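> sequence plus the predicted model coming up.
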Amino acid sequence: MISFELSEEQRVAQATIGAFARSVLRPAAREADQSSRVDPATLQAIWSTEIIQAQAIEGDATTGRSPVMNALLLEELAAADATLALAAAVPMAFVQAIADQGSRRQRELLLPLFAGDRFTAAAIALMEPQFQFDVTALATSAERSGDGYLLRGRKSLVPLAGDCSHFLVVAQSDGAADAFIIPRDTAGVRVDAAKGTLGLRGLAMADVEFDGVLVPATMRLGEHNGCDVQRIVDAARTGIAAILTGMSRGVLEYCVPYLKERVVHGVPLARKQVIAFRLADMHIEVEAMRWMSWRAASELESKRPATRSAQLAYTYAATQAMSIADEGVQAFGGHGFVRAHPIEMWYRNARSLSVLEGVGGI
Amino acid sequence: MVDFSLTGADERILQAAREEAVIGHRHARYYDKHEDELPPSVFPEVADKQSPHDLALELKDQTSGPAIIDVLLHLEESYADTRLRRTRTGLGQMIVNYAGTPEQIALFGRKELSIALTEPGAGSDPAAIRGTATRDAQTGEWILNGEKIYCSGFGGADGVLVLVRGPAENGVRPFMAFVVEKGAPGLKMLGQVKKMGIRSWDTEDFVLQDCRVPEFNRIDADFKKTMIVFNGTRPMVAAFGLGVARALLDFAREKLGERGIALRYESGSALRSATQDRLLRLEALYDAALLTILRCKWLEDRDGRHSGATKVEASMAKAIGGKAARRISQECLDLLGPLALSEDFLAEKWFRDARIFDIFEGAGEINRLIVARWLLGYSARELA
């Protein structure tokens, strides 16, 4: 039954996380960008929201992990700062994949690691250092070798790579994509130094080399049952769509008061139709992005096929968010280009976020 | 609970409408070519069949909501192109039913009444309306004068609700609404409007020349009250636009599919051809507009149709729906290439049809004004 109704619990969580994001994340955002790292206190504050730990809780959508709830909360976090929203979404994606698709043994082994009091990083390693990279054409391979697999390849843009205790590496195996749980200290794993990126700089995205890593069959996600890699991609695309929604809303909310104040040729900019209409379009698109990410999230939640709706939500949000960030810069003029305002950072973040695959699940 | 799946009853109702689309498409070219001919109120092929709207009424407790199923049904009917059953509810009648006295509702509520706002010099700016109403003190009648154009549904309707300006009060001529029935002295019909598209869409121009109506025909609906009807109809008209857009999208998918071009949602953009990528983006735009419309109609089911609460959402739905209809129709023809220009297919017709949906029932600019004023907290004076 078609419904946009949020439960009381969802509304409360939305308001709580929204307030947290405004008071804690927004003030930390510029520093994370400048220093190319998220300071431990901020990571710890994100951890204390328990949004990441919630992914390990078994149960139905009201008691356990809920993609729709995640969509709501990622939007709130990202409205303050997309980088810090991803700092939550990156380990969320890892934990979800283990919780949803891991064998019982894998769940028992790994989920307790994410139930403690300290921020614990782990990431899905999907993208590869190849121009025109596509998730359905992976160069990283896992060949059968004895009882296990031999993993070879190079993953790029792995968020928080330097802090990760584990990677979930997506690789081509027996003619299809498969996923492998790799503890960071396994022989043959090399985490490169972060080289810096256009945006989302706080995530210190880095390459990770897997140079003939021996992976026991027990560390293949789902063990002998394998896993559904597409599901991981769908969840990641939906997560990015929710984050792009929040980021775009943040741009709009930042633009409105400035444009009402800034007087040009005797009139506040916001009173000119050319500006006001752009703001109206931003609002209309933010809402549309939200409904599309909700739809994909609700399909994920009810375990229905979500590939189409996740793809459409992601593609639509990517295009709109870039355009909204772009209009944000334009509306601020020179102020949009200088680092005294967050607008230029959001512009870089928009382009970065909207091309990423496989980071941040929902 | 957030959910985007249709109920079993929703599916059944929409399926019934979808099955009729093939009949609608069969008649589409004829009424495109014979624009002065009003289609029958019921086509013989469906005369013995239950209307999907009646089925929706029958199953109303099992649907996602009356406003939601209604808008989805209208989308299907627009997809079918030719309307196989004429809707007997005009906008004028809707206004009478919420603004009229019980006596007026009893007399006019069952008649099919269009609405007439637009004049040659007044479209998006109703303040420019020049049609007048003056009172004949001796008879108590109202004398109406003016020219009204682009009046939807008036050809087949029983009458029309006209919005004109009454006698000056403190230097301002207030808006007044009157029911004018067909046959009223001084009502002169000017015939069907010659349009680029939606040629089967009954659209009349008319003149009021000293047209006399009794005081009873005056409806207590000022400008604001009249506009409330659009909160419901704007998302509806956006859905009409999406119906045409989906007809083109389906046609494009079918014809490109025959050429071996299919969409895959799994891969990223790098492995899509330019054609696949454009088609996928058009699908996304379609869905974005559809979900925006559904959100508005869901609110309407929750908060009431005539509460005025959905004004901004209605404008958002219309703005994105109008944009989607324009872009999807334009790009589909581009993707299909020169053969789509031929009248052998309906694509060229749908291209012409789609363009109106960002114009009537509030142009995109008007809807953006409404959204922007709300967003910025500006009055109509502050953001004109």
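Received it, and whenever you're ready, just let me know what you need.
> where does the stretch 151-300 of chain B have low pLDDT?
Along the stretch 151-300 of chain B, no part satisfies pLDDT under 70.
> distance check, A:Gly202 against B:Leu369.
Distance, A:Gly202 to B:Leu369, by CB to CB, to the nearest Å: 39 Å. Any C-beta I mention is one placed from the backbone N, CA and C, and that applies to glycine too.
> what about the two, which has more around it?
A:Gly202 (30 against 23; other CB atoms under 10 Å in any protein chain shown).
> once you drop chain neighbours, what's closest to the more buried one?
A:Ala32 (3.1 Å; CB to CB, 6 or more residues apart in numbering or on different chains).
> ok, that neighbour - contacts?
A:38-39, A:42, A:81, A:83-84, A:201-202 (CB atoms under 8 Å, 6 or more residues apart in numbering or on different chains).
> how about it, phi and psi?
Backbone torsions for A:Ala32, taken as degrees, to the nearest 10, come to phi -60, psi -40.
> repeat for A:Val135
Here A:Val135 shows phi and psi, under degrees, to the nearest 10, equal to phi -60, psi -20.
> how about the contacts made by it?
Counted by CB under 8 Å, 6+ apart, A:Val135 has contacts A:126, A:170, A:233, A:357-358, B:266-268.
> so how many other residues sit close to A:Asp134?
Counted with other CB under 10 Å, A:Asp134 comes out at 17.
> just the pLDDT for it.
pLDDT recorded at A:Asp134 is 94.
> and A:Leu259, by the same measure?
Looking at A:Leu259, the pLDDT reads 98.
> list the contacts of it.
A:Leu259 neighbours (CB under 8 Å, 6+ apart): A:268-270, A:275, A:279, A:331.
> rerun that using 6 Å as the cut-off
A:269-270, A:275, A:331 (CB atoms under 6 Å, 6 or more residues apart in numbering or on different chains).
> the helix or strand hosting it: which residues count as buried?
According to DSSP states H and E, A:Leu259 maps onto helix A:229-261. For helix A:229-261, burial by neighbour count (16 or more other CB atoms under 10 Å in any protein chain shown) applies to A:229-252, A:254-256, A:258-260.
> pop out the phi and psi values for B:Glu147.
The phi/psi pair for B:Glu147 (degrees, to the nearest 10) is phi -120, psi 130.
> neighbours of it, how many?
19.
> touching, it and B:Val207? I think so.
Yes: between B:Glu147 and B:Val207 there is a contact under CB atoms under 6 Å: 5.1 Å.
> phi and psi next, for the residue nearest to A:Arg105 when sequence neighbours are not counted.
Spatial nearest neighbour of A:Arg105, excluding adjacent residues (CB to CB, 6+ apart): A:Thr218 at 6.8 Å. The phi/psi pair for A:Thr218 (degrees, to the nearest 10) reads phi -70, psi -10.
> how many other residues sit next to A:Thr218?
Using other CB under 10 Å, A:Thr218 has 14 neighbouring residues.
> I'd like to know how far it sits from B:Leu38.
74 Å.
> now the helix or strand containing B:Leu256: buried residues?
Using DSSP H and E, B:Leu256 sits within helix B:223-258. Judged by neighbour count using 16+ other CB under 10 Å, the buried positions of helix B:223-258 are B:223, B:225-249, B:251-253, B:255-256.
> and the stretch 1-150 of chain B, which residues reach chain A?
Residues of the stretch 1-150 of chain B lying close to chain A (CB under 6 Å from any CB of the partner chain) are B:2-4, B:7, B:64, B:68.
> determine which two of those residues are furthest apart.
Pairwise distances across these (CB to CB) peak at 15.1 Å, for the pair B:Val2 and B:Thr7.
> neighbour count for those two, which is higher?
Applying other CB under 10 Å to B:Val2 and B:Thr7 shows that B:Val2 carries more neighbours, namely 23 against 18.
> was I right to think the more buried one contacts A:Glu299?
No: B:Val2 lies out of contact with A:Glu299 (CB under 6 Å); the separation is 10.6 Å.
> name all residues that make contact with B:Ala270.
A:132, A:134.
> for it, give me phi and psi.
Torsion angles, degrees, to the nearest 10, at B:Ala270: phi -60, psi -30.
> what distance do you get for B:Leu290 to B:Arg173?
41 Å.
> check B:Gly153 too.
27 Å.
> those two: who's more crowded?
More neighbours surround B:Gly153 than the other of B:Gly153 and B:Arg173, with 23 against 15 (other CB under 10 Å).
> check the gap between that one and chain A for me.
From B:Gly153 over to chain A the distance is 29 Å, taken as CB to the nearest CB, to the nearest Å.
> what does that residue show for phi and psi?
phi 80, psi 0.
> same deal with A:Gln44?
Main-chain torsions, A:Gln44, degrees, to the nearest 10: phi -70, psi -40.
> so it sits right up against A:Arg118, yeah?
No: judged on CB under 6 Å, A:Gln44 makes no contact with A:Arg118 at a distance of 7.2 Å.
> so the two - more neighbours on which side?
The residue with more neighbours, out of A:Gln44 and A:Arg118, is A:Gln44; 13 against 8, by other CB under 10 Å.
> need the contact list for the more buried one.
A:Gln44 neighbours (CB under 6 Å, 6+ apart): A:Phe119.
> quick one: it from chain B, how far?
31 Å.
> ok, now how distant is B:Gly146 from A:Pro268?
Relative to A:Pro268, and taking CB to CB, B:Gly146 is found at 38 Å.
> an error on my part: the question was meant for B:Arg253.
46 Å.
> just give me the neighbour total for residue 26.
Picking chain A for this. 16.
> not quite, I wanted chain B
14.
> quick check: closest non-adjacent residue to it.
In space, B:Arg26 is closest to B:Thr82, 7.9 Å off (CB to CB, 6+ apart).
> ok, now which ones touch the one you found?
Counting by CB under 6 Å, 6+ apart, B:Thr82 has contacts B:24, B:27-28, B:31.
> B:Ile95 too?
B:161, B:221, B:229.
> can we see that at 8 Å?
B:115, B:161, B:177, B:219, B:221, B:225-226, B:229.
> so which of the contacts of B:Thr82 comes closest to chain A?
B:Gly24 (24.7 Å; CB to the nearest CB).
> now what about stretch B:193-205, what contacts it?
B:28, B:31-33, B:35, B:38-39, B:82-83, B:147-156, B:189-192, B:349, B:351-356.
> what is the neighbour count of residue 355?
Chain wasn't specified; assuming chain A. What A:Val355 shows, counting by other CB under 10 Å, is a neighbour count of 16.
> not what I meant, chain B
What B:Arg355 shows, counting by other CB under 10 Å, is a neighbour count of 19.
> all helices of the chain, in order?
Unless you meant another one, I'm taking chain A. A:8-20, A:26-35, A:40-48, A:67-80, A:82-101, A:104-110, A:229-261, A:273-301, A:307-332, A:334-337, A:343-353 (DSSP state H).
> looking at chain B here, not the other one
B:8-19, B:21-33, B:52-58, B:66-79, B:91-99, B:102-108, B:223-258, B:274-303, B:311-336, B:347-354, B:364-376.
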